[in-house]
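Participant: My questions are about this predicted structure, shown below with the sequence.
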Amino acid sequence: MKAVIYTGENPGWTRSLGGIPWPLAPVANRPLLDYWMEWCLDLGVAEVRLVLGDGSDRVEAYAEDGRRWGLRITYSFLRDDRLPATFLQRNPAEWRDGLLFLTGPMFPRRRFERKPDAPAADRTYGCGLPGGAACLLSQDPVFLDAYLAGTRPTAEPRSFRDLGIDMATVDSVRAFFDLNMQLAQGEAGRYVTPGYGATDGSWVGYNVIIPPSARVTPPVVIGNECRIGVLASVGPAAVIGNHTVIDRQADLKRCVVLDGTYVGRGVELRDKIAAGRRLIDPQDGMVVDLEDSLLLANVKRPFRLRDVWSGVAGWLLALLLLAVQIVPFILLYGWLRTRRLARFERRAFHGTGRKVRMLSTFRPSAGGRMCPSVRLFRALGLDLLPRLASAAAGRLWLCGHEPLRAPEDNALRESLPAYFAAVFSYATPRNGESEPAVAAVEARYYAFRRSWHEDLRILWGTFVGRALSLLGEDANHA
Amino acid sequence: METTFGVMQGVGVVTVNGPLTAAGVDSFRDQFGSWWQGAPELRNVVVDLGGVEFLDSAGLGTLIALLKRVSERGGDLKIARLQKKARMVFEITRAYKVFDILDTVEEAVKACG
């Protein structure tokens, strides 16, 4: 059996969500297409033909060759002015062995948990209205011949309910919202979601920072690499997309937050969809584009004029620090080198822009790690002097991201909306060492929250933290 | 943004037309300040937002500043004819908990009494 899914249809409600193609519309944080691919697997479909229309190249970029689902996906193109069924009529013999045909945004909603003894799809099933999204599943050659020839088949298709599927048409923002709410409120457990757990109705992705003071009330679905602010309240019935930042004291209930959205401090979302800086009321489809980044914004961050001022100020400060530190550096590093207590290693890091740069990293020897002179060297920030020189030469920012290693951190570098490789970062008080998950979340957080305030926080944390470390305190507590 | 000031049944009525955003709030605040100082007999104010399609956090901040000034005189500030898009901003910022919002100017004036 083969599946043919027409993805060229571009219904109006997807424009409200920012023009995302319907197969990529997120349902409980997974693209709608994902559910279809999984159902194809259940039905024993091995080959899927995605029929693209104008503007659906993003679907191809996402689905690729289907290997991730264990399917073989091929592509065809159909002009928008042609009916999807005309594609099948180009080569009817290809579909006679069985066909799953979908023409628009529908969701195969499971009525029960997945069972190994699910009924076999050995009849003909269908739903949908002429002119609207429709779905057909058949392994009956007689029926398919008649259907593909455009004549009236002798038998009426059965309902998909016989297969334990409620075929839900997603024809409005409200239907999209309701579907997300249904899955968030427990139905998500009916679908396989690798890497997710839901022992208490909380579907939380990886690299999610939830501080102790934040309140997450199940059922919720939270995507990957999210940051929830202190005193924020999420749930019940909230779907939070990937790469989102929920700022402090925000209150989210019965809402859908799409990928890459920043929800501002104290913002209350009830029965709403937030898509970047766009706020949508699913009841009537009303859309408000907020110009105000304090309320809602895209996590993807444009270049700003204040970055220029920040660069100039950082450069001047780097020169000043370099001038102050150069003499202590020569004296103390000379001492460390003669005693073989530490040295600098050159390693490849992602610089600002697309360049990979060799940067010096301070490496104490095994014996020198706890040596007072090494601790003093670090407490004075002298281990950062080579990077300060890079900042003075305009190759690094003064404050920003901890430089990402090349090639180990390539994926993180690509996923960041903005990247400012810098001398000082959130990780500097920890001597640049971070767990990968923490490093990813901090990098994403800084990319959005970059400001003078954050830079001052970093500088303060670095110098106070390191000074306290000299006194034997834990730098992370500074 | 255009602003007109009037009085209805002893209650000040401020009618705003156009987006109430950071671009226009300074002049709005100044105009309100001049009018408010020149009308010491007024205690309550109704802000008619029927002509405001959109407002941002600066606009909301200005409304809260107005509420503070009116409260200092022992009065109250009510919002009338809030449009759908502006209402959505009121909802997400919880401003609806701060202001009394009424459907018409007449109802708001009556509520002030």
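Facilitator: Looks like it arrived, so ask away. Nothing here was measured: the structure is a model prediction, and the numbers come from that model. Residues are numbered from 1 along each chain as shown, chains lettered A, B, ... in the order given.
Participant: Please count neighbours and contacts with C-alpha atoms only from this point.
Facilitator: Noted.
Participant: can you map out the helices along chain B?
Facilitator: Applying DSSP state H to chain B gives helices spanning B:25-37, B:57-72, B:84-92, B:105-112.
Participant: So for chain A, which of these sits nearest?
Facilitator: helix B:84-92 (4.4 Å; Cα to the nearest Cα).
Participant: export stretch B:14-23 as CSV, just CAs?
Facilitator: Only the C-alpha atoms of stretch B:14-23 are listed here, as CSV (Å, rounded to 0.1, in the frame of the first residue of the first chain):
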residue,chain,number,x,y,z
VAL,B,14,-11.6,61.6,27.3
THR,B,15,-12.1,60.3,23.8
VAL,B,16,-9.0,58.8,22.1
ASN,B,17,-8.8,58.0,18.4
GLY,B,18,-5.9,56.1,16.9
PRO,B,19,-3.3,53.7,18.3
LEU,B,20,-2.3,54.4,21.8
THR,B,21,1.3,53.4,21.6
ALA,B,22,4.7,54.7,22.6
ALA,B,23,4.8,57.1,19.7
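Participant: Centre of the chain to that stretch, how far?
Facilitator: 10 Å (Cα atoms, centre = their mean, to the nearest Å).
Participant: What are the buried residues along it?
Facilitator: Within stretch B:14-23, the residues scored as buried using 16 or more other Cα atoms under 10 Å in any protein chain shown are B:14-16, B:18-22.
Participant: Could you pick out which of those residues are located in strands?
Facilitator: B:14-16 (DSSP state E).
Participant: could these be laid out in TSV, adding pLDDT and distance to B:V70?
Facilitator: Listed next are these as TSV, based on pLDDT from 0 to 100; distance: Cα to Cα, whole Å:
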residue	pLDDT	distance to B:V70
B:V14	96	13
B:T15	96	16
B:V16	95	17
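Participant: In a markdown table, list those residues along with distance to A:H350.
Facilitator: Shown next, in a markdown table, are those (distance: Cα to Cα, whole Å):
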| residue | distance to A:H350 |
| --- | --- |
| B:V14 | 56 |
| B:T15 | 55 |
| B:V16 | 52 |
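Participant: quick one: which of these is nearest chain A?
Facilitator: Using Cα to the nearest Cα, these come closest to chain A at B:V16, 19.2 Å.
Participant: if we can go back for a sec, can you narrow the buried residues of stretch B:14-23 to ones near chain A?
Facilitator: Among the buried residues of stretch B:14-23, not one lies near chain A by Cα under 8 Å from any Cα of the partner chain.
Participant: Let me see the contact set for B:L42.
Facilitator: Contact analysis of B:L42 by Cα atoms under 8 Å, 6 or more residues apart in numbering or on different chains lists B:10-12, B:36.
Participant: Quick check: residues of chain A near chain B?
Facilitator: A:266-270, A:286-288, A:290-292, A:294-295.
Participant: List only buried entries from those residues.
Facilitator: Looks like these have A:266-270, A:287-288, A:290-292, A:294-295 buried, using 16+ other Cα under 10 Å.
Participant: how about the residues you listed in CSV, adding secondary structure?
Facilitator: CSV is the format used below for these (DSSP: H, G, I helix; E, B strand; the rest coil):
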residue, secondary structure
A:G266, coil
A:V267, coil
A:E268, strand
A:L269, strand
A:R270, strand
A:V287, strand
A:V288, strand
A:L290, coil
A:E291, coil
A:D292, coil
A:L294, coil
A:L295, coil
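Participant: how close does A:G334 sit to A:R278?
Facilitator: 57 Å (Cα to Cα, to the nearest Å).
Participant: Identify the residues contacting A:R49.
Facilitator: A:2-5, A:73-76.
Participant: Past the one helix or strand it maps to, which element shows up next along the chain?
Facilitator: Applying DSSP states H and E as the criterion places A:R49 in strand A:47-52. Sequence-wise, the next helix or strand downstream of strand A:47-52 (DSSP H and E) is helix A:57-63.
Participant: Could you list the buried residues of that next one?
Facilitator: Buried-residue list, helix A:57-63, by 16+ other Cα under 10 Å: A:59-60, A:63.
Participant: For the helix or strand following it, which outside residues touch it?
Facilitator: Sequence order places strand A:72-77 as the next helix or strand after helix A:57-63, per DSSP H and E. Strand A:72-77 is contacted by residues A:46-53, A:60, A:63-66 when judged by Cα under 8 Å, 6+ apart.
Participant: Lowest-confidence entry in the residues you listed?
Facilitator: Among these, A:G53 carries the weakest pLDDT, at 77.
Participant: Perfect, that will be all.
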